[in-house]
Every structure is written in structure tokens, then in C-alpha cells.
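Student: fold the following and give me the result.
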Amino acid sequence: MVEQEFAARGIEGHTSAEVDKVGEDAVRYTDGTARPFDLLIAFPPYVAAVDHPDLPHDDRGFLRTLSATRQVQGHPQIYAPGDAGDFPVKQAFLAFLQADAVADHIDTVVALELPYRPSPFEPVSMCVTEMPDKATFAQVPLEETRDPALPVRASADAGDLYRVGTSPLWRLGKKALGVYLPVRFRAGRPFPGGRPWQAMQLALDGMCRTLATGPS
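Tutor: Sure, this is the predicted structure:
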């Protein structure tokens, strides 16, 4: 989808290119090639913002967790949903899902409902990327690989849950979420619940069937 949008706009893209050195007017890559630039935009290092030296963490400072409950390894009373934890993809929707899994686990522990009946964190990436004339929607179930070179990938059995599509109507979908989520948060309620969420889910499912396609 990205390649198609780049081509339509005359943008040349290069994937799997690892930077070796940045000069005054060119970037050199590990394969020996170099590309000049007029303006260079770069992201900061992908590391944890806060250090927790007394807790188990990876080489980037992210806390090592149990995937299903987001409990810090060896410290069951501490949870690390969202950016603090070691799930490789940092995204708001994924953080919401992790927070729900944490809340469910805490509720079960406090209520002493044993044995624990899990409602574990199941990573599904969902995002809407806006462009001047339309927006691209993507819903991608993910799975961890434990391979440092490729830590996550699209789930092999994603099926109909994998969707991607481009349309001006997806801009309306993003605006609807922008209205709904703050209302739920201010009320102290989880985002995936209640009649408004059910109605929004039906609308999203309908848009997905109409506007999105699966992997080809």
C-alpha cells in the first residue's frame, strides 16, 4: 500500500537500508552506497525514556514482561503496559489493549477469582494514516518472533482480521475515534465497551468490508 502511494506521488523509496554514517550532504549505508540529501529528517534512538536499573530490562531499557498480562518478569506486583514494556511495537492502540489486559488481571487478583481465567493481551495493530486527500487504514494482528532482526511480524493465521485500505472515508473514521476516546477517558471508562463502542465497531466492520482488502 505504501509503495503504491509513493509511486502515485513520484516518491522513491528504499527499504532494508541500514545507515552507516551521515555526512554534511549525503548518507552512507552499510552496503557501501551513498545518497545525497538537501534535508535530512531522522528519528531519535528507539530506547526507553526512563531507566529502571533494579528491574529486568532489555538492552534498550524496556522492562521485560510476561506477554499475556504485562507483568514485569520476576515482579508479579508490577505491570508495564505501553511504552515502558518490551513489546517491540509502540503504538497507542496496542497500549490500550495492554492496559485492558492489565486491568483484567488486577481485577481477577483483587477479587481472588482463582484459578485465573485470562483475558490476555492479543496484539492487533490498528491505525489510520491521513494524507491530504484521503487516509489509509490498517488492522494487522501481530505475533512476536523473539528474533532481534525481526521482532514482530503479521500473524500467520490472521485471516480476515488483517485488513488494509485507502479511501477519503477513513478520515471520517479517525475523527469519530478522536471524539469518542476522550469522552470515555474523562469518564474513567475502558474504551472497548458500552453501546457507543459497539456501534462504532459495527461501523468500522462495515467500512472494512467495503473499503479494505486483505493481503494479496
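
Student: what's the domain layout of this protein?
Tutor: Under automatic domain parsing, the residue ranges defining each domain of the chain are 40-116, 123-216.

Student: closest to residue 1 out of the ones you listed?
Tutor: Closest to residue 1 of the domains of the chain is domain 123-216 (C-beta to C-beta; 5.4 Å). Every residue, glycine included, has its C-beta placed from N, CA and C.

Student: helix or strand for the nearest residue to residue 158 once chain neighbours are set aside, which one?
Tutor: Leaving aside its sequence neighbours, residue 158 sits nearest to residue 141 (C-beta to C-beta, 6 or more residues apart in numbering; 4.3 Å). Per DSSP states H and E, residue 141 falls inside strand 135-144.

Student: contacting residues around the helix or strand following that strand?
Tutor: Downstream of strand 135-144, the next assigned helix or strand under DSSP H and E is strand 152-154. Contacts with strand 152-154, where a contact means C-beta atoms under 8 Å, 6 or more residues apart in numbering, come from 88, 89, 123, 140, 141, 142, 143, 144, 145, 162, 215.

Student: swap the cut-off to 10 Å and go again
Tutor: Residues outside strand 152-154 that contact it (C-beta atoms under 10 Å, 6 or more residues apart in numbering): 87-89, 123, 125, 140-147, 161-162, 215.

Student: buried sites along stretch 77-95?
Tutor: Within stretch 77-95, the residues scored as buried using 16 or more other C-beta atoms under 10 Å are 79-88, 91, 93-95.

Student: and that stretch, how far out from the chain middle?
Tutor: Relative to the chain's own centre, stretch 77-95 is displaced by 9 Å; criterion: C-alpha atoms, centre = their mean, to the nearest Å.
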